[in-house]
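Chemist: Got a sequence here, can you build the structure:
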Amino acid sequence: MPDERTNRLTIRTPEGIEFSLNLAGPVTRFLARIIDFAIEVIAIFTIAYVLVTLNIFPLVFGVNLSDWAFALIALGFFVIPIVHGMTLEWLLRGQTLGKRVLRLRVVDADGLRLQFSQIAVRNLMRFVDSLYHLYVIGGIA
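Modeler: Numbering: from 1, shown residues only. Now for the predicted structure:
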């Protein structure tokens, strides 16, 4: 159960052992998200640049390369953050690169490693959290 005064989560095991985990504050979480966002933006534009310069998208039905590049970048801003978050939180046991830099880890309510289904729901819901100007809905929730 979270202790609001100390920002710690105290967990009691069935064996009666208690341990506590530090909870990250909003500033630390925001900084980790900024690092992850920067990585995602770099990945999106790098992929788009490589595909366009390699001339992967030929002229089809009167659509030029700039239209394809714009569509790819728009799609990337939705897909890359979800794939980035899900993949790294699964492989790095609850961490993305931003969380790793700031020494944060996502765990479940019992302090255990997240299951893949929990990671998937968490990352798919990030889109809803980010609605309305920089995580206002997620911050309030």
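Chemist: alpha carbons only for contacts and neighbour counts from here, please
Modeler: OK.
Chemist: Output the below-cut-off pLDDT ranges for this protein.
Modeler: Confidence mapping of the chain against pLDDT under 70 gives the ranges 1-6, 55-66, 68-69, 130-141.
Chemist: now the helices for it?
Modeler: Under the criterion DSSP state H, the chain contains helices at 26-53, 65-91, 97-101, 116-129, 136-140.
Chemist: wait, what's in contact with V27?
Modeler: For V27, no contacting residues are found, by Cα atoms under 8 Å, 6 or more residues apart in numbering.
Chemist: mind checking how far it is from I34?
Modeler: Between V27 and I34 the distance is 10 Å, computed by Cα to Cα, to the nearest Å.
Chemist: any common contacting residues for the two?
Modeler: In contact with both V27 and I34: no residue, using Cα under 8 Å, 6+ apart.
Chemist: and R113, how many residues sit next to it?
Modeler: Using other Cα atoms under 10 Å, R113 is surrounded by 17 other residues.
Chemist: now the residue nearest to it when sequence neighbours are not counted: how far from T46?
Modeler: With Cα to Cα, 6 or more residues apart in numbering as the criterion, R113 has its nearest non-adjacent residue at 5.3 Å, and that residue is V107. Here the distance between V107 and T46 works out to 32 Å (Cα to Cα).
Chemist: Among these two, which residue is more densely surrounded?
Modeler: Taking other Cα under 10 Å, V107 and T46 do not tie; V107 has more neighbours (17 against 13).
Chemist: was I right about the more buried one contacting G94?
Modeler: Yes. Between V107 and G94 there is a contact at 6.5 Å, judged by Cα atoms under 8 Å.
Chemist: Need the overlap of contacts for those two.
Modeler: Here V107 and G94 have R113, L114 as joint contacts, going by Cα under 8 Å, 6+ apart.
Chemist: What residues does the residue most central in space within the chain make contact with?
Modeler: Taking Cα atoms, centre = their mean as the criterion, G85 is the residue nearest the geometric centre of the chain, at 3.9 Å. For G85, the contacting residues are T96, N123, by Cα under 8 Å, 6+ apart.
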